[in-house]
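I need the structure of the sequence given here:
(4 chains)
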Protein chains: 2
Amino acid sequence: MRQVAKRVTSADVAQEAGVSRTTVSFVLNNRPGHAIPEETRQRVLEAARRLRYRPHASARALAAGHSDIVLLALPDMPIGAGISRFSEELATALAERGLTLVAHFAGADDQSLQDVCAAVDASAVVGLGAFEPATVQALHSAGVKVVIPSDGNAPSMRHVGRLQAEHLIERGHRHLGYAMPTHPSHLPMARHRLQGATDVCAAASLEPPVVIDVELEIAAAEQAVRQWTSRSVTGVCSFNDETALAVLAGAREAGVAVPRDLAVVGADDIPTAALSLPALTTVSFDLREAGRQRAEAVASALAGRAPTSDAAPVGPELIVRASG
Amino acid sequence: MRQVAKRVTSADVAQEAGVSRTTVSFVLNNRPGHAIPEETRQRVLEAARRLRYRPHASARALAAGHSDIVLLALPDMPIGAGISRFSEELATALAERGLTLVAHFAGADDQSLQDVCAAVDASAVVGLGAFEPATVQALHSAGVKVVIPSDGNAPSMRHVGRLQAEHLIERGHRHLGYAMPTHPSHLPMARHRLQGATDVCAAASLEPPVVIDVELEIAAAEQAVRQWTSRSVTGVCSFNDETALAVLAGAREAGVAVPRDLAVVGADDIPTAALSLPALTTVSFDLREAGRQRAEAVASALAGRAPTSDAAPVGPELIVRASG
DNA sequence: TTGAAAGCGCTAACAA
DNA sequence: TTGTTAGCGCTTTCAA
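Sure thing, here's the model as predicted:
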């Protein structure tokens, strides 16, 4: 005695509306060229509504040769409000274009990403950071048509690092440090941000930042701070706010006064950044706009169009609180 | 000049191995009953490997009548490390059973959830909190076979609140406060946790906790702290660590010493909890085990089996640092 | 032990 | 303007 919830098929709709399945398909997908009289259209639409018809995604994908699934590859650790907003916006903008977004929490390995792509028959993958070339290759061979790393806006990523460094340099710091995250999935993005900071130093004829890996743990952060101060670093750009909070804690532990003896700048403006003492100066990026842009990029690429002129990307914004 | 990356089909594999497509299908899915000689099996397997064959998910779903996609419905706001680990574990355990997990950031509306289910042809949906009965209904009519809310472990949620309150009471606190989150998507879970704390108070013949909504913002938190102290509250259970960090900041601002004048207990043990001053006492729940259990539940339900005996749920664990 | 053949529900030439 | 028809790649019954 199984649930025999007989599926409503397009044939049912066709019959109900007294037309052929072809007509149903054309109406429901507004295929142009096939000028269908309004009267018929309405009849089909109404039949579909009455029957609560939902096209079968798998069947459609099989026949059409492509799905309308877009996969968001998320780095496997902490998803802040920023990313949530990004994906929300991305999902909405994609939906307007008939595409559906689902997310995958990428493990360190590419394998799972490939598998998931194959399993959902994804047409496109949007990444939050960069992708290794090999990964892109693998994705394509897993049937993915379009891969959009979000370092398509690497400039914006670098810009985060740049803003951090500029902020410090403007305040007179001549020896900068950079706090790198230890989590592998953050590394590609971190490198971009670091690059931005490094560029700024070069432009100002300063040494590149002293790069130290900082775990989210007080003792480790304390060591990092001691190293920086012993190398006369007075200002630290941190990959993100969590890392920055660790640096803050490390400084406290090492007896280094922030911002007097060591200035710290974070990134991403997580909610708790404003709660620390001293409150964290941070650089934040409007991911919403980025979400919309990615959606457009995906849609264009899938349609074979050249990506439409990238609407002027909204740059990151510096949020100065007390500690920087 | 489009990429003509001709798909490798099971027919190709069949030809390469010199067998029929039926045989290929049987081998690749280890269909029992069809005792296939080891020699043939190997031949097929190797041909598949050589050709890098990947079954086409949509075609398979269409033919089989169901996909192997499980959708994780995430509340729309902040995804901490806990949830990441949960979904990681869930994904792994599902994969072992041939199922694939993807996530959806649910907006407030059920509509998008339904749409996504239909779009990926999901067989099952796992929720993080509870589902309204109407939602469950809607999901079923969107073709979802199995819906697993995770408030199946409401007891564990309540247990979080219980541990927090017990910890405070053991330390002599007689007037407790409870810091509620303001984000709507946290509310259902927060109510469960609060209930646990309330139960403990009742059992100890104490007044129920003084409940105050705390935004992640210093001024608001300061107000909350003042209210608590003015009502002689000396210990506060916070919905989660972020809220607790806000309370900590509010106390600092209000000139209330933690933990001397006000003890604070958080929940979830986010990485930055250990970085605050004073370090946050927190109650953390092993979501990994929960992930494995959900996977088993999904697999059982999809197979039409009764869920196997729920392996004894691993309870939350109290992590005492300094501030509680 | 293996293969032939009939669909699954949909799209899209091509006819009418 | 609408319908006929042939698949998309896979599973699975039934026959060999």
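
from here on, contacts and neighbour counts on C-alpha atoms
Fine.

state the distance from residue A:75 to residue A:127.
In this view, residue A:75 and residue A:127 are 8 Å apart by C-alpha to C-alpha, to the nearest Å.

one more: residue A:10?
35 Å.

do the same with residue A:226
36 Å.

and what of residue A:107?
For residue A:107, the distance to residue A:127 - C-alpha to C-alpha - is 13 Å.

which one's more surrounded, the two?
A side-by-side neighbour count of residue A:107 and residue A:127, using other C-alpha atoms under 10 Å in any protein chain shown, places residue A:127 first with 22 against 18.

I'd say the more buried one and residue A:150 touch.
Yes: counting by C-alpha atoms under 8 Å, residue A:127 does reach residue A:150; the two are 5.5 Å apart.

now the strands for chain A?
Ranges of strands in chain A, per DSSP state E, are A:69-74, A:100-105, A:124-127, A:146-148, A:176-180, A:210-213, A:235-238, A:263-267, A:281-284, A:317-319.

confidence-wise, which of these is weakest overall?
Across the strands of chain A, strand A:317-319 has the smallest mean pLDDT, namely a mean of 72.

residues in contact with it?
Applying C-alpha atoms under 8 Å, 6 or more residues apart in numbering or on different chains, the contact partners of strand A:317-319 are A:163, A:164, A:269, A:281, A:282, A:283, A:284, A:285, A:286.

just stretch A:189-209 next, same as before
A:129-130, A:151, A:154, A:157-166, A:174-178, A:180-181, A:237, A:239.

ok, now with 6 Å
A:129, A:157, A:158, A:159, A:160, A:161, A:162, A:165, A:176, A:177, A:178, A:239 (C-alpha atoms under 6 Å, 6 or more residues apart in numbering or on different chains).

chain center to stretch A:156-174, what's the gap?
Offset of stretch A:156-174 from its chain centre (C-alpha atoms, centre = their mean, to the nearest Å): 23 Å.

over to stretch A:129-149?
The answer for stretch A:129-149 is 15 Å, by C-alpha atoms, centre = their mean.

first to last residue in that stretch, what's the distance?
6 Å.

go on, stretch A:131-149?
6 Å.

buried ones in that stretch, by neighbour count?
A:131, A:135-136, A:138-149 (16 or more other C-alpha atoms under 10 Å in any protein chain shown).

what's the closest of these to DNA strand D?
residue A:143 (11.0 Å; C-alpha to the nearest atom of the strand).

now the closest one. Nearest residue, chain neighbours left out?
With C-alpha to C-alpha, 6 or more residues apart in numbering or on different chains as the criterion, residue A:143 has its nearest non-adjacent residue at 6.8 Å, and that residue is residue A:118.

kindly report the same for residue A:87.
Per C-alpha to C-alpha, 6+ apart, closest to residue A:87 is residue A:291, 6.5 Å.

check contacts around the one you found.
A:86, A:89, A:90.

and with 7 Å instead?
Contacts for residue A:291 (C-alpha atoms under 7 Å, 6 or more residues apart in numbering or on different chains) come out as A:86, A:87, A:89, A:90.

for the residue nearest to residue A:294 when sequence neighbours are not counted, give its distance to residue A:57.
Nearest non-adjacent residue to residue A:294, counting by C-alpha to C-alpha, 6+ apart: residue A:90, 6.9 Å away. Going from residue A:90 to residue A:57 by C-alpha to C-alpha gives 21 Å.

these two: who's more crowded?
residue A:90 (26 against 21).

do I have it right that that one meets residue A:293?
No: under the criterion of C-alpha atoms under 7 Å, residue A:90 lies out of contact with residue A:293, with a separation of 8.1 Å.

what does chain A have sitting close to DNA strand D?
Selection of chain A residues close to DNA strand D by C-alpha under 7 Å from any atom of the strand yields A:18-23, A:34-37, A:40, A:59, A:62-65.

residue A:235: neighbour count?
Neighbours around residue A:235, by other C-alpha under 10 Å: 31.

which ones are touching it?
A:168, A:173, A:175, A:176, A:177, A:262, A:263, A:264.

within reach of chain B, which of those residues are there?
Among these, no residue sits close to chain B (C-alpha under 7 Å from any C-alpha of the partner chain).

for the residues you listed, which one is nearest DNA strand D?
residue A:177 (52.3 Å).

does that closest one touch residue A:232 like I think?
No: assessed by C-alpha under 7 Å, residue A:177 is found out of contact with residue A:232, at 9.5 Å.

of these two, which one has the most company?
Between residue A:177 and residue A:232, residue A:177 has the larger neighbour count (other C-alpha under 10 Å), namely 30 against 16.

give the contact list for the more buried one.
A:209, A:210, A:211, A:228, A:233, A:235, A:236, A:237.

got a markdown table for those, with distance to DNA strand C too?
Compiled in a markdown table, those are given as follows (distance: C-alpha to the nearest atom of the strand, whole Å):
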| residue | distance to DNA strand C |
| --- | --- |
| A:209 | 53 |
| A:210 | 55 |
| A:211 | 52 |
| A:228 | 60 |
| A:233 | 60 |
| A:235 | 57 |
| A:236 | 54 |
| A:237 | 50 |
